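**Student:** I'll drop the sequence and a predicted model, then ask my questions.
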Amino acid sequence: MIRSRTGGPGVARALRPAEWPRLALMAPATALLIAMVAVPVAMLAWFSLLSGPGVSGAVTGREWAVMLDRPQLYGGLLLRSLALGLGATALCILIAWPTAWALSRHVAPRTRSAILALLIIPHLTSALLLIYAMYVLIAPGGPMMTALAALGLAESRDTILFTRWAVLLMLTYMYLPFMVMALFAAIERIEPTVLDAARSLGASGWARFRHIVLPMTLPGLMTGLVIVFTPAAGSFLEARILGGANGMMFGTLIAEQISRANNQPRAAAMAITLLAVILLLLGVFRLLAMRAFPGAMRRPGAHGSGGWGG
């Protein structure tokens, strides 16, 4: 039973036969989401209440108490991870926006396809290979430091390896293509005639960007923010290989709780904490976007409360 669109609140109607095919098409995706998202999160929440090591301890909630008793360690790593995730996301936006605009407006379609392919192809290989490639690139005497030494900006034996800057650089490189693709798809939906009309009416470049380009690309920007910030803030392999002790992240400590300490309940409690904070921040970003640009987050053709903007 679902609510009728014409009967008002509290009025329900039976599903029409014509609606069953649509629901049948949604059923596999719904089942997959429940099996791959809802069930694992529920298991994490249950494990987090157990006493480690292992997952056979009693339900005590002790691991949450341990985390709260050591705010400098767990809170500090969480804040560092969020800062690195936000920093990588901001860099991706700053690089991806002009890149996506240039690809959409100033590059021929055939060349554009080749550039997008070159952007994606390196990321079709193992993430581990990309991380070690960056390791070689920024190592002392590596290509990057040699180039900077040739420009007089650093010594060839200098390096940012085993620092937070190395982690930030790797996260930006790792997730930049996703932001470019999200913004490119959004920019492609902007009709050139809209910008031409604004220009003919005397709107400056900043005014066109502020009132046309930014609101119309905001859904793509928010999509890019989700697919970049979420994995970047939860990264652990990049921090373990490139960051060392100085670049350790919250995800690294979660991985160590499983691989070294065999303390799955504490790892689960940390994972739930990280997930909750990330979702909270994404909700705040969405709320700010909706308040700054009312209506920009609505589905095309949506009206009233039926759109995304509510």
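**Tutor:** Perfect, I can see it now. Numbers count the residues shown, from 1 in each chain.

**Student:** What ranges does this structure have for its strands?
**Tutor:** Ranges of strands in the chain, per DSSP state E, are 2-3, 12-13.

**Student:** Comparing the ones you listed, which yields the minimum mean pLDDT?
**Tutor:** Least confidently modelled of these is strand 2-3, at a mean of 46 by mean pLDDT.

**Student:** How many residues are close by the closest residue to residue 217 other than its chain neighbours?
**Tutor:** Among residues not flanking residue 217 along the chain, residue 186 sits closest, at 4.1 Å (C-beta to C-beta, 6 or more residues apart in numbering). Glycine gets a C-beta too; all of them are placed from N, C-alpha and C. If you count neighbours by other C-beta atoms under 10 Å, residue 186 ends up with 21.

**Student:** Low-confidence regions, the stretch 101-250 of the chain specifically.
**Tutor:** For the stretch 101-250 of the chain, applying pLDDT under 70 flags no range at all.

**Student:** if you go through it in chain order, where are the helices?
**Tutor:** Taking DSSP state H, counting those that start in this stretch as the criterion, the stretch 101-250 of the chain contains helices spanning 109-120, 127-138, 143-150, 164-188, 192-200, 205-208, 214-233, 237-238, 250-259.

**Student:** Give the buried residues for the longest one.
**Tutor:** Neighbour counts using 16 or more other C-beta atoms under 10 Å place 164-187 of helix 164-188 among the buried residues.

**Student:** The helices of the stretch 101-250 of the chain: which one's closest to residue 275?
**Tutor:** helix 214-233 (9.1 Å; C-beta to C-beta).

**Student:** was I right about residue 167 contacting residue 246?
**Tutor:** No - look at residue 167 against residue 246 with C-beta atoms under 8 Å: they stay out of range, at 9.0 Å.

**Student:** quick one on the thing from earlier: for my notes, please list the helices of the stretch 101-250 of the chain in a markdown table and give distance to residue 79 for each entry.
**Tutor:** Formatted as a markdown table, the helices of the stretch 101-250 of the chain follow (distance: least, C-beta to C-beta, whole Å):
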| stretch | distance to residue 79 |
| --- | --- |
| helix 109-120 | 32 |
| helix 127-138 | 23 |
| helix 143-150 | 28 |
| helix 164-188 | 12 |
| helix 192-200 | 41 |
| helix 205-208 | 34 |
| helix 214-233 | 11 |
| helix 237-238 | 18 |
| helix 250-259 | 9 |
